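J.: got a sequence here, can you build the structure:
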Amino acid sequence: MADEAILPGEVWLVGAGPGDPDLLTRKAERLLRAASVVFYDALVGEGVLALIPDHVRQVPVGKRSGRHSKDQGTIDALLVEAALAGERVVRLKGGDPSMFGRSMEEVTALAEIGVRARICPGVTAASAAAASAGISLSLRGLARRVQFVTAHARAGEALDLDWAALADPACTTAFYMGRSAAADISRNLIAHGLDPKTPVLVACDVSLASERCLRTRLDLLPLAVQAVTEGKPTLILIGEAVRQEEMALVARAAAKADR
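T.: The predicted model follows:
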């Protein structure tokens, strides 16, 4: 694809990945170079923003939990205005645009004025966190499926989830935006039958130099989140697959002892 891939009046929703610019796709980088304006979320890493050429106009639109600088309707209106003005538009979203990124609201707003928004996927935080921890989200015989859940609820509203379905011991569950909901997650999963000792990985600032990962268990999840997250974007992985690096270390130690 050439750098001139974005036509005037065209809009691309682009995944910025978890923060490390080395995890940005080549296609995403080409689109950033081809844009005339980039509307970016607060969760987009500084290293990714540094790849945007100086001549490209950059517009921050916030979208961090509890600190939205612009509401979704305003963001939709900005995209529509830029498209109608003939700009080459990139809407840059942390992680993958289709993973809890409210992409369809923007796609719909643009479709109403006859603009087809195109999507460039990105590396989602759950995959990056698993890679950093040296684990796989699925694990033969232990984790037959993976489920992705947003733990974000509107202010004053309870976290309304199908806890019985989520409390599956043969599954890895990734909770996005899970910091403030850690106590609810722990309490409800245990109440619906998941073992309190189920392995958990708490990860914040995934893929960045400031990344922190802590292994714990389900009943200690609220304490672990308080200990490591410090108000930073937090992902929580729950399930037996989280234990696999520990099992691999034990197996390597046993093999070494047998030599």
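
J.: so which residues of the stretch 151-259 of the chain form strands?
T.: 171-176, 199-204, 212-217, 234-238 (DSSP state E, counting those that start in this stretch).

J.: poorly predicted segments of the protein, please.
T.: 1-4, 63-69, 154-156, 245-259 (pLDDT under 70).

J.: still on that earlier bit, from the strands of the stretch 151-259 of the chain, which stretch is densest packed?
T.: Highest mean neighbour count of those: strand 234-238, a mean of 28 (counted as mean count of other C-beta atoms under 10 Å). Every C-beta, even on glycine, is put in place using the N, C-alpha and C of the backbone.

J.: mind giving me the packing neighbours of it?
T.: With contacts taken as 3 or more C-beta pairs under 8 Å, 6 or more residues apart in numbering; DSSP states H and E, strand 234-238 sits against helix 125-133, strand 171-176, helix 182-191, strand 199-204, helix 221-228.

J.: output the longest one as CSV - backbone C-alpha positions only.
T.: Below are the C-alpha coordinates for helix 182-191, written out as CSV (Å, rounded to 0.1, in the frame of the first residue of the first chain):
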residue,chain,number,x,y,z
ALA,A,182,-11.5,-5.7,41.0
ALA,A,183,-13.4,-6.3,44.3
ASP,A,184,-16.7,-6.9,42.3
ILE,A,185,-14.9,-9.3,39.9
SER,A,186,-13.4,-11.3,42.7
ARG,A,187,-16.5,-11.5,44.9
ASN,A,188,-18.9,-12.4,42.1
LEU,A,189,-16.8,-15.0,40.4
ILE,A,190,-16.2,-16.8,43.7
ALA,A,191,-19.9,-16.5,44.6
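
J.: next, the angle helix 221-228 makes with it.
T.: Interaxial angle, helix 182-191 versus helix 221-228 (axes from the mean of the first three to the mean of the last three C-alpha atoms, to 10 degrees): 150 degrees.

J.: so which elements touch helix 182-191?
T.: Looks like helix 182-191 contacts helix 163-166, helix 221-228, strand 234-238 (3+ C-beta pairs under 8 Å, 6+ apart).

J.: which residues are contacting it?
T.: Under the contact criterion C-beta atoms under 8 Å, 6 or more residues apart in numbering, helix 182-191 has outside partners 151, 158-159, 161, 163, 166-167, 175, 178, 196, 198, 218-219, 221-222, 224-226, 236, 238.

J.: ok, now with 7 Å
T.: Residues from elsewhere that reach helix 182-191 (C-beta atoms under 7 Å, 6 or more residues apart in numbering): 151, 159, 163, 166-167, 175, 178, 196, 218-219, 221-222, 225, 236.

J.: from the chain's centroid, how far away is that helix?
T.: The gap between where helix 182-191 is centred and where its chain is centred comes out at 21 Å by C-alpha atoms, centre = their mean, to the nearest Å.
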